[in-house]
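S.K.: The sequence isn't on hand, but the structure is:
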């Protein structure tokens, strides 16, 4: 007499993905501003170091450093050029701080995580194209324009036959499903407008 034995295999519980709407945006590497700042700092530091080394070697200081020291010593703080220079420096500093503290990459929309260690994003133009293609499948739709941002999907559809209310209802159902099918962490709210084509002539 034989008996069948079954063995249960326990799997470790998977970490739950973060809830919808809590995915952070992707951060831009900011290569161009970083390269610009690094280049400016390198050139400025090299010029000052070269001039200091020349003075230590008993050579006269370069003309531009003597002129700069003279201007800084004689110009008052309320001088127009001093205020203009300070304003430019403050604006550049504010710009660099903004780049450092904001994520950037506004064209990449974060998607829901199916795995806690994997992040994915969808470009806004690709998402808008997917919504446009889905809207064009609706009977009666002649032309569609989609503008998509992080919070809203603005859809303008032109219908050349069928009742507008019927086309609007079909579009609302189809686009609502398409938006949720994109798998975005923050699904945008749908703003739908359906119109008739304008008369020619």
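M.R.: That came through fine. Small disclaimer: the values here were computed from a predicted structure and weren't measured.
S.K.: When you work out contacts or count neighbours from here on, use the C-alpha atoms and nothing else.
M.R.: OK.
S.K.: so residue 110 is in which element?
M.R.: Secondary structure from DSSP states H and E places residue 110 in strand 108-110.
S.K.: Would you give the sheet partners of that strand, along with the direction of each?
M.R.: strand 121-123 (antiparallel) (DSSP bridges).
S.K.: what is the mean pLDDT for the partner strand?
M.R.: Mean pLDDT, computed over strand 121-123, is 91.
S.K.: Repeat that for stretch 165-180.
M.R.: Here the average pLDDT along stretch 165-180 is 95.
S.K.: List the buried residues of that stretch.
M.R.: Across stretch 165-180, burial judged by 16 or more other CA atoms under 10 Å covers 167-168, 171-172, 174-176, 178-179.
S.K.: show me where pLDDT drops low in the protein?
M.R.: Along the chain, the model assigns pLDDT under 70 to residues 1-23, 199-201.
S.K.: Domain-wise, how is it divided?
M.R.: Listed by automatic domain parsing, the domain ranges of the chain are 31-101, 109-195.
S.K.: Could you point out which of these sits nearest residue 25?
M.R.: Of all the domains of the chain, the one in closest proximity to residue 25, counting by CA to CA, is domain 109-195 (6.0 Å).
S.K.: re earlier: looking at the buried residues of stretch 165-180, which one is closest to residue 197?
M.R.: residue 167 (13.8 Å).
S.K.: Enumerate every residue touching the closest one.
M.R.: Neighbour list for residue 167: 138-141, 159, 194 [criterion: CA atoms under 8 Å, 6 or more residues apart in numbering].
S.K.: so residue 195 bridges to which residues?
M.R.: Using DSSP bridges, the beta-bridge partners of residue 195 come out as residue 158.
S.K.: how near is it to residue 147?
M.R.: Per CA to CA, to the nearest Å, residue 195 is found 16 Å from residue 147.
S.K.: who's more crowded, these two?
M.R.: Taking other CA atoms under 10 Å, residue 195 and residue 147 do not tie; residue 147 has more neighbours (17 against 14).
S.K.: Now do the strands in the protein.
M.R.: Secondary structure of the chain by DSSP state E: the strands cover 108-110, 121-123, 141-148, 152-159, 189-195.
S.K.: Including distance to residue 68, could those strands go into CSV?
M.R.: Formatted as CSV, these follow (distance: least, CA to CA, whole Å):
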stretch, distance to residue 68
strand 108-110, 46
strand 121-123, 49
strand 141-148, 51
strand 152-159, 53
strand 189-195, 57
